[in-house]
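> here is my input, please return the structure:
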Amino acid sequence: MTPLEALCVQRGLRLTEHRRIVLEVLEASDDHPCVREIHRRAADGHRIGIATVYRTLNTLVEAGMVKRQVFPDGKAHYERVGRPSHPHLIDVATGTIVEIDDVDLETLLEQEARKLGYHLVDFSLKLFARPRG
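Purely as a prediction, here's the structure:
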(Lines give C-alpha, C1' and ligand atoms only; values in the text may rest on other atoms or scores of the structure.)
Protein backbone atom coordinates (compact mmCIF):
# COMPACT_ATOMS: atom_id res chain seq x y z
CA MET A 1 0.00 0.00 0.00
CA THR A 2 1.44 3.39 -1.00
CA PRO A 3 1.65 6.25 1.52
CA LEU A 4 -1.26 8.03 -0.21
CA GLU A 5 -3.38 4.87 -0.17
CA ALA A 6 -2.68 4.44 3.55
CA LEU A 7 -3.64 8.07 4.14
CA CYS A 8 -6.82 7.51 2.15
CA VAL A 9 -7.80 4.60 4.41
CA GLN A 10 -6.82 6.59 7.50
CA ARG A 11 -9.10 9.45 6.41
CA GLY A 12 -12.02 7.11 5.80
CA LEU A 13 -12.03 7.24 2.00
CA ARG A 14 -12.77 4.04 0.13
CA LEU A 15 -9.99 2.81 -2.13
CA THR A 16 -11.93 2.38 -5.35
CA GLU A 17 -10.11 1.15 -8.45
CA HIS A 18 -10.21 4.61 -10.06
CA ARG A 19 -9.09 6.37 -6.89
CA ARG A 20 -6.18 3.93 -6.62
CA ILE A 21 -5.17 4.65 -10.24
CA VAL A 22 -5.17 8.43 -9.68
CA LEU A 23 -3.22 7.96 -6.43
CA GLU A 24 -0.62 5.87 -8.28
CA VAL A 25 -0.19 8.64 -10.87
CA LEU A 26 0.27 11.25 -8.13
CA GLU A 27 2.71 9.05 -6.20
CA ALA A 28 4.83 8.63 -9.34
CA SER A 29 4.71 12.33 -10.29
CA ASP A 30 7.70 14.52 -9.66
CA ASP A 31 6.07 17.41 -11.48
CA HIS A 32 2.78 19.30 -11.15
CA PRO A 33 0.42 17.66 -13.64
CA CYS A 34 -2.88 19.23 -14.65
CA VAL A 35 -6.08 17.17 -14.85
CA ARG A 36 -5.61 16.35 -18.53
CA GLU A 37 -2.05 15.12 -17.89
CA ILE A 38 -3.18 13.07 -14.88
CA HIS A 39 -5.91 11.58 -17.07
CA ARG A 40 -3.43 10.82 -19.86
CA ARG A 41 -1.13 9.03 -17.42
CA ALA A 42 -3.99 7.24 -15.66
CA ALA A 43 -5.60 6.09 -18.93
CA ASP A 44 -2.36 4.41 -20.02
CA GLY A 45 -3.46 0.81 -19.54
CA HIS A 46 -6.69 1.62 -17.65
CA ARG A 47 -10.24 2.61 -18.55
CA ILE A 48 -10.91 5.84 -16.68
CA GLY A 49 -12.83 8.90 -17.81
CA ILE A 50 -11.70 12.46 -17.37
CA ALA A 51 -14.83 13.26 -15.31
CA THR A 52 -13.80 10.51 -12.89
CA VAL A 53 -10.34 12.04 -12.62
CA TYR A 54 -11.89 15.47 -11.85
CA ARG A 55 -14.18 13.98 -9.16
CA THR A 56 -11.35 11.95 -7.64
CA LEU A 57 -9.01 14.94 -7.46
CA ASN A 58 -11.73 17.11 -5.90
CA THR A 59 -12.30 14.44 -3.24
CA LEU A 60 -8.58 14.12 -2.53
CA VAL A 61 -8.17 17.91 -2.28
CA GLU A 62 -11.14 18.14 0.11
CA ALA A 63 -9.61 15.35 2.22
CA GLY A 64 -6.34 17.30 2.41
CA MET A 65 -4.35 14.62 0.59
CA VAL A 66 -3.58 16.58 -2.55
CA LYS A 67 -2.68 20.24 -3.11
CA ARG A 68 -4.27 22.17 -5.97
CA GLN A 69 -2.43 25.21 -7.29
CA VAL A 70 -3.38 27.42 -10.20
CA PHE A 71 -0.43 28.64 -12.22
CA PRO A 72 -0.37 31.36 -14.90
CA ASP A 73 -1.54 28.97 -17.61
CA GLY A 74 -4.92 29.13 -15.83
CA LYS A 75 -5.00 25.38 -15.21
CA ALA A 76 -5.13 23.73 -11.82
CA HIS A 77 -2.03 21.63 -11.16
CA TYR A 78 -1.82 18.95 -8.51
CA GLU A 79 0.75 17.43 -6.21
CA ARG A 80 0.52 15.06 -3.29
CA VAL A 81 0.77 16.29 0.27
CA GLY A 82 3.74 15.27 2.34
CA ARG A 83 6.29 16.70 -0.03
CA PRO A 84 8.34 19.45 1.57
CA SER A 85 7.16 22.98 0.76
CA HIS A 86 9.12 24.44 -2.10
CA PRO A 87 9.02 27.53 -4.29
CA HIS A 88 8.04 27.30 -7.94
CA LEU A 89 9.73 29.23 -10.72
CA ILE A 90 7.40 29.73 -13.66
CA ASP A 91 8.87 30.44 -17.08
CA VAL A 92 6.56 33.20 -18.37
CA ALA A 93 7.48 32.40 -21.98
CA THR A 94 6.66 28.68 -21.92
CA GLY A 95 4.66 28.12 -18.73
CA THR A 96 7.18 25.52 -17.58
CA ILE A 97 7.11 25.04 -13.81
CA VAL A 98 10.45 24.43 -12.12
CA GLU A 99 10.70 23.35 -8.49
CA ILE A 100 13.31 25.11 -6.40
CA ASP A 101 14.62 22.95 -3.57
CA ASP A 102 16.76 25.34 -1.57
CA VAL A 103 17.21 24.67 2.13
CA ASP A 104 18.85 28.08 2.60
CA LEU A 105 15.74 29.82 1.24
CA GLU A 106 13.45 27.86 3.56
CA THR A 107 15.74 28.70 6.48
CA LEU A 108 15.60 32.38 5.55
CA LEU A 109 11.78 32.29 5.43
CA GLU A 110 11.67 30.57 8.83
CA GLN A 111 14.00 33.23 10.28
CA GLU A 112 11.87 36.05 8.88
CA ALA A 113 8.71 34.53 10.33
CA ARG A 114 10.44 34.11 13.71
CA LYS A 115 11.58 37.76 13.67
CA LEU A 116 7.95 38.76 13.21
CA GLY A 117 6.87 36.53 16.10
CA TYR A 118 5.56 33.58 14.09
CA HIS A 119 6.36 29.93 13.56
CA LEU A 120 6.37 29.06 9.85
CA VAL A 121 4.15 26.02 9.24
CA ASP A 122 4.03 26.08 5.43
CA PHE A 123 4.68 28.38 2.53
CA SER A 124 3.84 28.88 -1.10
CA LEU A 125 6.09 30.98 -3.27
CA LYS A 126 5.81 31.52 -7.01
CA LEU A 127 8.61 33.23 -8.92
CA PHE A 128 7.93 34.44 -12.44
CA ALA A 129 10.92 34.63 -14.77
CA ARG A 130 11.99 34.55 -18.36
CA PRO A 131 15.15 32.95 -19.72
CA ARG A 132 18.24 35.15 -19.83
CA GLY A 133 19.66 36.09 -23.16
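
> and Asp30, how far from Gly95?
18 Å (C-beta to C-beta, to the nearest Å). Yep, even glycine has a C-beta here, placed from its N, CA and C like the rest.

> what about the two, which has more around it?
Gly95 (12 against 8; other C-beta atoms under 10 Å).

> so which helix or strand takes in the closest residue to that one other than its chain neighbours?
Closest residue to Gly95 apart from its sequence neighbours, by C-beta to C-beta, 6 or more residues apart in numbering: Asp73 at 4.5 Å. For Asp73, there is no host helix or strand (DSSP states H and E).

> Ile50: neighbour count?
Ile50: 14 neighbours (other C-beta under 10 Å).

> which residues are in contact with it?
Shown in contact with Ile50 (C-beta atoms under 8 Å, 6 or more residues apart in numbering): Val35, Arg36, His39.

> go on, Val121?
Contacts of Val121 (C-beta under 8 Å, 6+ apart): none.
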